[in-house]
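Q: I would like the atomic coordinates for the input below:
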Amino acid sequence: MKYILASVVFLASCTQIKRRPAVENHSDSTAATAITKHSFSSIINTDSASPAALVKYSETLIGTPYLYGSANPEQGFDCSGFITYVFNHFNITVPRSSIDFTNVADEVPLQQSKPGDLILFTGTDSTERSVGHMGIIISNDSIQTLFIHSTSGKANGVTITPLNDYYRGRFVKVIRVFSQKKS
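A: Here you go, the predicted model:
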């Protein structure tokens with residue numbers, strides 16, 4: 001086990017990993033998770049944008065249709081394709097799949113979330129607690145949290161949605177990829 005983990009650390013330090021290493025099947029999942037989080041944190045460089053610029057740009061994509069497996073605005077986006085496209089616009093490399101965000105960046109309490117933070121949800125089967133959907137928080141005040149995402153639901157495509165009872169039931173966590181210093 002130590003050799004496998006050392007190999008993952010070596011790979012993370014020698015290459016830019018774009019996808020999370022497949023370490024879930026190893027018995028020491030805590031150590032594997034720490035390596036995974038560290039690996040992604042070290043490659044996500046948000047110096048090229050501010051959360052406000054990211055949110056503003058994401059809003060220009062409202063109305064883009066939903067298309068499973070796509071990160072192409074001319075065809076449509078799935079949820080993680082939308083996130084990937086928005087972040088890549090600012091030359092910020094992020095995972096392509098929503099589940100790959102599970103152990104990326106720092107978790108923050110929902111009440112302390114800020115525009116530009118990512119909000120993670122289960123897939124449509126909320127009894128399955130793994131991440132299957134995501135969006136970008138665009139506002140959070142004492143009254144309401146709003147997020148932008150690409151949905152296959154009623155809105156069908158990139159839209160702004162309030163954190164309502166349906167999404168609260170699917171809520172997993174909020175992660176912050178921008179440092180506290182940026183606004």
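Q: count the neighbours of residue 137 for me.
A: When counting by other Cβ atoms under 10 Å, one arrives at 23 neighbours for residue 137. From N, CA and C alone the C-beta is placed, and that goes for glycine too.
Q: OK, contacts around it?
A: 113, 114, 115, 116, 117, 118, 119, 145, 146, 147, 174 (Cβ atoms under 8 Å, 6 or more residues apart in numbering).
Q: tell me how far it lies from residue 144.
A: Here residue 137 is placed at a distance of 11 Å from residue 144 (Cβ to Cβ, to the nearest Å).
Q: what of residue 177?
A: From residue 177 across to residue 144, the span is 22 Å (Cβ to Cβ).
Q: those two: who's more crowded?
A: Just comparing residue 177 and residue 144: by other Cβ under 10 Å the higher neighbour count belongs to residue 177, 22 against 10.
Q: so that one sits against residue 107, correct?
A: No - the criterion here is Cβ atoms under 8 Å, and residue 177 misses it with residue 107 at 11.3 Å.
Q: partners of residue 148 in the sheet?
A: Note on residue 148: beta-bridge partners residue 136, residue 160, judged by DSSP bridges.
Q: and for it, the neighbour number?
A: 24.
Q: same deal with residue 48?
A: 12.
Q: sorry, back to before: and of the contacts of residue 137, the nearest to residue 67?
A: Nearest to residue 67 among the contacts of residue 137: residue 147, at 19.7 Å, using Cβ to Cβ.
Q: let me see the ranges of the strands in this structure.
A: With strands called from DSSP state E, the chain shows them at 71-72, 76-77, 106-108, 118-122, 131-140, 145-151, 157-162, 171-176.
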